[in-house]
Each structure stands twice: as structure tokens, then as C-alpha cells.
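Novice: A structural model of the following input is requested.
(chains A and B)
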2 protein chains.
Amino acid sequence: MGEFELIRRYFLPVSEAGQHPAVLLGPGDDCAIQRVGEGQDLVFSVDTLVEGVHFPEHYSPEKLGWRSLAVAASDLAAMGADPVCFTLALTLPQADPDWLANFSSGLSSASRSFGLNLAGGDITRGPLALTLQVHGTVPVDSAIRRSGAKPGDLICVSGTLGNAAAALALLDLEFPTTEQVELLEHYHAPQPQLLLGRALRGSASAAIDVSDGLVADLTHLLGASGVAGAIDVGCLPLSGALAAQREDAINLALYGGDDYQLCVTIADTALKALPDAIRKQLTAVGRVRTGAGLVVDGGSAQAQPGGYDHFGSE
Amino acid sequence: MGEFELIRRYFLPVSEAGQHPAVLLGPGDDCAIQRVGEGQDLVFSVDTLVEGVHFPEHYSPEKLGWRSLAVAASDLAAMGADPVCFTLALTLPQADPDWLANFSSGLSSASRSFGLNLAGGDITRGPLALTLQVHGTVPVDSAIRRSGAKPGDLICVSGTLGNAAAALALLDLEFPTTEQVELLEHYHAPQPQLLLGRALRGSASAAIDVSDGLVADLTHLLGASGVAGAIDVGCLPLSGALAAQREDAINLALYGGDDYQLCVTIADTALKALPDAIRKQLTAVGRVRTGAGLVVDGGSAQAQPGGYDHFGSE
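Specialist: Coordinates of the predicted model:
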């Protein structure tokens, strides 16, 4: 199968499944074309997933299709952006029709679910790896940056934390229990918080998505904002499944990655002014302070094990 | 060296070297932000280069830095776009400071030379591969697409063809001659035709960059336009170095890839109306006809060896 036949069979259907009116020209030319409306800015982010590093070898191609776009879309959520489109650079060891059909199916589902139109890409031969770039828009000057946290703001997180990290130990189970399946879903099918991020535009002072672990990501946010923060582990939102299965649930919630929830800072008044349905999705876990560094239950978190750093072991 | 230190040391300098006012927020947040001016559309393209597939093993990191951005920028040239910025997703087997410093230096040179600002990226551990996405802008509805060729248009190419393909046989020479060095430069340091592409906006009816070989790329253009074409090999522009060194220069010019020149279609009147300095950069090699397929010197080119197709051998 040639590269063009492969694109026609497995990737044009993805592009057609998730059409977006702002994509004026999709795959097939030297470039794609996106219209960015008047008064809007383009926001974009690129993420690479490598087999054996970011996902297990022989991982389900359907889950990989979903997960790779979810991981990338989570960065749009953290900026409060409206999703528009994405590109996919796929490196494959061989063109296996079954693998491609299942990957295409998972990617199509994610594309429709997140409102991200496949606008272009590249397919090359090599060790399995994917690079996705997602595009969104925000009204001019309204993106939620990492750098806006102010002393006195609440530190809030969405959803529950630590589930995906707990799932890592369960990936090879042949017959997982119902509670284990619940944890596994957090790893296999993360839900980028696009609607929540958008709803927090203009209210949150700063945001980051929790991809490397709460302590690691919140530390980045505080550093970018030039402030300190303190969190209370008693406030960390844990799922029933995690609390029931892992004695170290708190540690997983603090240091485990792959959750793709949002961590935001927001003034008390701004939080109170949010619609109930939005406010209910957030749990306050701490507060921004003057200074530098992150304090967890009164002790410095800086020296504790951080999130995953691909080059950190050298 | 951690991922963040690696970015700070080797990639922030690249970003600072090529600043562009439309990049409102560069590397360091969840997303980058680009302002797309009123009346402008965003055009973008993604390209992956894998070691051992798109460039030789142990290839010079400085040359790789230049070449990878040049290859990507060539797609902007083919749309007639004004360059703005790019993202880099880099997968590395290890963090070698010498390699990184040289790569960063080559990438900085290309960034400044092409006017493309490094706006974001991702660094992961794995087999050496690079994915670059380039962003440009065009006035609304003025991108040069592949699909606009009209019967009667001239088929023109820029520069000379076949040099990079000839260079492939010379890559391992320890002491190349002056003429061999000239050919090698075409492979190592291709020059994306950004100024020419922009100058042809509103004049050329269709364009594509010659990355896979003239016959392969022109065939794509003709197919997208729903027309046929005929080229006369006697008209193919050859460099003196190529003509002197290779008896099969014509074949290399027809089928060799990696030239990153432009192939455009343009009406005679539009060509005559171009400024001398622009028109001189183009050589007419054939003409667009009604029908389908590409004829080379009176014979069908369709069944002849095509350009490089990564999945074509299966």
C-alpha cells in the first residue's frame, strides 16, 4: 500500500468525520489553511508520543488513537481555547491494515468528541511514534496563561487525581475487576477538560493541565507566576476506586501523571461568581502565597519525587 | 540534564534568535499564541524526518538543523505564504551536549534566514526523529493551491533540478572536488523558495514544491487540478556541476527528490507581467493540457519510476 492510498483509506475518513468550518483546506495540498476569525488569536501545542516511553508496546491502536488526541487537546483546555483542528505526524514500522483501521477508528471518535478536525499530516516509516499539533482559538488577549496566579488565589483541580497512575500497574491484567476497569479507563480514555477550560476563561488567573503530576505541574505554574503555593493533602479529590484500592492514593494524586485534569488558580470572588455547574467541577486544594516554591501540608514539596522527566535520569 | 534545562540551554536561544511580532507567546506555556492579522489566513504544514530514512545515520547535527527547517519551509513557499513561526518535536536517543549545540546552531541560522520563529515544541526520548510544523499567512483566498492549473498554462520550475539526488552518492566522500561540493550543498543546505513563492501569489495558477522528484510532484499537481501536462526534457534546467558529472543528469532532474525548488503553472500573460527579477528565476519546461496524466517528450511518464514513497515497496 502506497502512502497516498494509506492516507485515502485511513485518514481522509477521520478528516471528514470531524469537519470544522474554520478549516478552509484540509489534507492533500502542500499546506492546510485555517481561518482565524477577527478578534481571535490562534493557540497551538505539539506533543509527541513514543512507543515504549509514552504508551506500552503492542498498545491497542484504537485506544492510542483516542489517547493521543486527548493528551494533545488537554493543552488547549489549559489555555481556555475553543478547539478547531489538528495535524498528525505518524511514524510507523509497517502499514498493517488492521492496526491502521483501529487507530483510525479511535482517532475519529476523539476528533468528533473534542471538535478537532484533522487538517493535515505526514506518514513516514520508522519506529512507532506520533506527533500531534492541536489548534484552537481564543478571543484576543483572553488565553489563560500559567503566569497569572496572584497571592491569595485559590488553587483548584478538576475531577479526581491519581487514577491514571494507579492504572499503570493494571495494564497487563487479563480479567480486571469493575473498580480496576474504572481506573484503567482514566489511563486509556482521558477526557480533556475543554468545556471547563473554556468556561474558566476570564475567571481563572492561571491554568495548567496535570500531565506530569500535580506537584510537578503546579510547581511550573507557580514558578511562571513568580509566586508560592500551599496545598492540603486532605483536600485532594480521590475517586472511590482509587481510595479503595491503593493505600498510597495520596501519593499517586500528588505525583502521578497522565490525569489530564486542570489545575487552576482563581480568586475567591471569581470562583463564587461561576455558574454552579462549573464550580462543582472544581475542588479547592490550596492557596497561592507570596514567595517561591510549593508547600504540601506544611513541608516543602520541592525535594520530593517529581513528575516524569524524559531526560531527568541523566 | 533535565528536559527543562535542555530547552533553556539549546532551544530558547533559537526562539530568541528568530523573533516574530505575530508570536505573542512562545515556548514555556501549555500552548503558544499567534496573532493572525485581519484579512489573513493561517497556512501550515507538518513534516517528519527520521534518521536512516530521510537523512543518513550520524548526519551532521548543524546541517540537520538547517535542512529540517528548510524542508518544512518549502511547503510554505509552495503556497505563496509569508513565513511566521514553527514548532519542533524532537525525539532523541540521548541528550548529547555537542550534538545539541550544533543542531541548535544550524536551526538558529535557518530560523533567522527564513524568518520563522521557534514558537513551541516537545522533546522526548526515543530513536532520532524530528517533526516540524511551519506556520505562515496569506491574504484571505490568495494561497496558491495545487488545484488551479488550467489547460494552456506554462509549467515552470525554479532553479536547477537533480542536484540533491546526485549528491546522495557523494555523502561519504572525504575529499570532494569543488563541483562535488556544489552538488552536496544542494542536499545539505536547500534554500526554500519563500520569496519566489510569495512573488508568484496572484500570478501562478498552481504550485507544488519538488520534494519527491519533478515527475512525481508535477503528477500530483496535475491530478489535483484535473488536467494533463507535457514536459520537454530538453528544457529542464540543469546545473553545470550536474551536467558535467552525471550522464544521467536528465533522469535525476526528472525523478530525483530533495531539490525543494518550486514547480508552478502560470498563464503566458501572467508570466510576462512578472518583474524581470522574478521571471528570470523560472524556466518553462512544458505546458498544461486537457485530459489526465503527464507526458514526457511524447511518452507517458506514469509508468516510469516515481519519486520516493515510504510505503511504496509493500
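Novice: separation between residue A:116 and residue A:135?
Specialist: 8 Å (C-beta to C-beta, to the nearest Å). For every residue, glycine as well, the C-beta is placed using N, CA and C.
Novice: between these two, what contacts are shared?
Specialist: Residues touching both residue A:116 and residue A:135 (C-beta atoms under 8 Å, 6 or more residues apart in numbering or on different chains) are A:83-86.
Novice: remind me which residues of chain A are low pLDDT?
Specialist: A:301-314 (pLDDT under 70).
Novice: how about the helices in it?
Specialist: Applying DSSP state H to chain A gives helices spanning A:3-6, A:12-17, A:61-79, A:97-114, A:163-167, A:178-188, A:194-199, A:214-225, A:240-245, A:249-255, A:268-273, A:276-279.
Novice: Write out the residues of the stretch 151-300 of chain A neighbouring chain B.
Specialist: Neighbours of chain B within the stretch 151-300 of chain A, by C-beta under 8 Å from any C-beta of the partner chain: A:207-209, A:224.
Novice: So is stretch A:19-34 next to chain B?
Specialist: Yes: Stretch A:19-34 comes into contact with chain B (C-beta under 8 Å from any C-beta), by way of A:24-25, A:28-34.
Novice: can you list the residues that contact that stretch?
Specialist: By C-beta under 8 Å, 6+ apart, stretch A:19-34 touches A:7, A:11-12, A:15, A:35-37, A:42, A:84-85, A:87, A:115-121, A:135, A:137, B:41-45, B:75-76, B:78-79, B:81, B:136, B:138, B:143, B:145-147, B:207-209, B:224.
Novice: Go ahead and build a PyMOL selection from the buried members of those residues.
Specialist: Remark: buried members of these, expressed as a PyMOL selection using 16 or more other C-beta atoms under 10 Å in any protein chain shown:
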select buried, (chain A and resi 7+11+15+35+36+42+84+85+87+115+116+117+118+119+120+121+135+137) or (chain B and resi 41+42+43+44+45+75+76+78+79+81+136+138+143+145+146+147+207+208+209+224)
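Novice: from the contacts of stretch A:19-34, which ones fall inside strands?
Specialist: A:42, A:84-85, A:87, A:117-121, A:135, A:137, B:41-45, B:136, B:138, B:207-209 (DSSP state E).
Novice: Report the beta-bridge partners for residue A:49.
Specialist: residue A:130 (DSSP bridges).
Novice: Count the neighbours of it for me.
Specialist: Neighbours of residue A:49 under the rule other C-beta atoms under 10 Å in any protein chain shown: 21.
Novice: List the contacts of it.
Specialist: A:55, A:64, A:67-68, A:71, A:129-132, B:124.
Novice: and of these, the nearest to residue A:94?
Specialist: residue A:129 (13.9 Å; C-beta to C-beta).
Novice: Let me see the contact set for the closest one.
Specialist: A:48-51, A:90-91, B:91, B:126-127, B:129.
Novice: Go again with 7 Å.
Specialist: Residues near residue A:129 by C-beta atoms under 7 Å, 6 or more residues apart in numbering or on different chains: A:48-51, A:91, B:91, B:126, B:129.
Novice: what's the answer for residue A:127, then?
Specialist: A:51, A:91, A:93, B:126-127.
Novice: of all these, which two lie farthest apart?
Specialist: Of all pairs in the contacts of residue A:127, the most separated under C-beta to C-beta is A:93 and B:126 at 12.9 Å.
Novice: out of these two, which sits in the more crowded spot?
Specialist: Taking neighbours as other C-beta under 10 Å, residue A:93 and residue B:126 compare with residue B:126 leading, 22 against 11.
Novice: Residue B:88 versus the spatially closest residue to the more buried one that is not a sequence neighbour, what's the distance?
Specialist: The shortest distance from residue B:126 to any non-neighbouring residue, by C-beta to C-beta, 6 or more residues apart in numbering or on different chains, is to residue A:50 (3.8 Å). Applying C-beta to C-beta, the value for residue A:50 to residue B:88 is 15 Å.
Novice: Which one of these two is surrounded by more residues?
Specialist: Neighbour tally, residue A:50 and residue B:88, criterion other C-beta under 10 Å: the higher count belongs to residue B:88, 27 against 20.
Novice: Report the beta-bridge partners for the more buried one.
Specialist: residue B:121, residue B:132.
Novice: residues in contact with it?
Specialist: So, once contact is read as C-beta under 7 Å, 6+ apart, residue B:88 ends up touching B:118, B:121, B:130, B:132.
Novice: So the second one sits against residue A:47, correct?
Specialist: No: with contact defined as C-beta atoms under 7 Å, residue B:121 and residue A:47 do not form a contacting pair (9.9 Å).
Novice: Contacts for stretch A:73-81 next, please.
Specialist: Residues contacting stretch A:73-81 (C-beta under 7 Å, 6+ apart): A:43, A:45, A:83, A:114, A:116, A:134, A:136-138, A:143-144, A:192-194, A:196-198, A:200-201, A:207-209, A:211, A:260, A:262, B:30-31.
Novice: again, 6 Å this time
Specialist: A:43, A:45, A:83, A:114, A:134, A:136, A:138, A:143-144, A:192-194, A:197-198, A:200-201, A:207-209, A:260, B:30-31 (C-beta atoms under 6 Å, 6 or more residues apart in numbering or on different chains).
Novice: now do stretch A:244-253
Specialist: With C-beta under 6 Å, 6+ apart as the criterion, stretch A:244-253 contacts A:161-162, A:165-166, A:233, A:236, A:238, A:242-243.
Novice: which of those lies closest to chain B?
Specialist: residue A:161 (17.7 Å; C-beta to the nearest C-beta).
Novice: ok, how many other residues are close to the closest residue to the closest one other than its chain neighbours?
Specialist: Of all residues not flanking residue A:161 in the chain, residue A:253 sits nearest, at 3.9 Å (C-beta to C-beta, 6+ apart). By the measure other C-beta under 10 Å, the count of residues near residue A:253 is 29.
Novice: From chain B, how far off is residue A:253?
Specialist: 21 Å (C-beta to the nearest C-beta, to the nearest Å).
Novice: Can you give the domain ranges for chain A?
Specialist: A:3-139, A:146-300 (automatic domain parsing).
Novice: just checking, which of the ones you listed sits deepest inside the structure?
Specialist: domain A:3-139 (a mean of 22; mean count of other C-beta atoms under 10 Å in any protein chain shown).
Novice: surely residue A:69 meets residue A:109?
Specialist: No: with contacts counted by C-beta atoms under 6 Å, residue A:69 stays clear of residue A:109, the gap being 9.1 Å.
Novice: any common contacting residues for those two?
Specialist: By C-beta under 6 Å, 6+ apart, no residue touches both residue A:69 and residue A:109.
Novice: tell me the contacts of residue A:70?
Specialist: Taking C-beta under 6 Å, 6+ apart as the test, what residue A:70 contacts is A:190, A:192.
Novice: just residue A:72 next, same as before
Specialist: A:47, A:132, A:134.
Novice: Hmm, the last one is touching residue A:87, no?
Specialist: Going back to what we said before, that points to residue A:134. No: with contacts counted by C-beta under 6 Å, residue A:134 stays clear of residue A:87, the gap being 8.5 Å.
Novice: Would you mind listing the residues in contact with the closest residue to residue A:108 other than its chain neighbours?
Specialist: Of all residues not flanking residue A:108 in the chain, residue A:17 sits nearest, at 4.3 Å (C-beta to C-beta, 6+ apart). By C-beta under 6 Å, 6+ apart, the contact list for residue A:17 reads A:108, A:111-112.
Novice: go on, residue A:209?
Specialist: A:74, A:78, A:260, A:262.
Novice: Kindly recompute the last result at 7 Å.
Specialist: By C-beta under 7 Å, 6+ apart, the neighbours of residue A:209 are A:74-75, A:77-78, A:260, A:262, B:30.
Novice: any idea how far residue A:190 lies from chain B?
Specialist: Taking C-beta to the nearest C-beta, one finds residue A:190 at 15 Å from chain B.
Novice: Look up phi and psi at that residue.
Specialist: phi -60, psi 150 (degrees, to the nearest 10).
Novice: what's in contact with stretch A:133-143?
Specialist: By C-beta under 7 Å, 6+ apart, stretch A:133-143 touches A:34, A:36-37, A:39-46, A:72-73, A:75-76, A:79-87, A:116, A:201-202, B:33, B:46, B:87, B:133.
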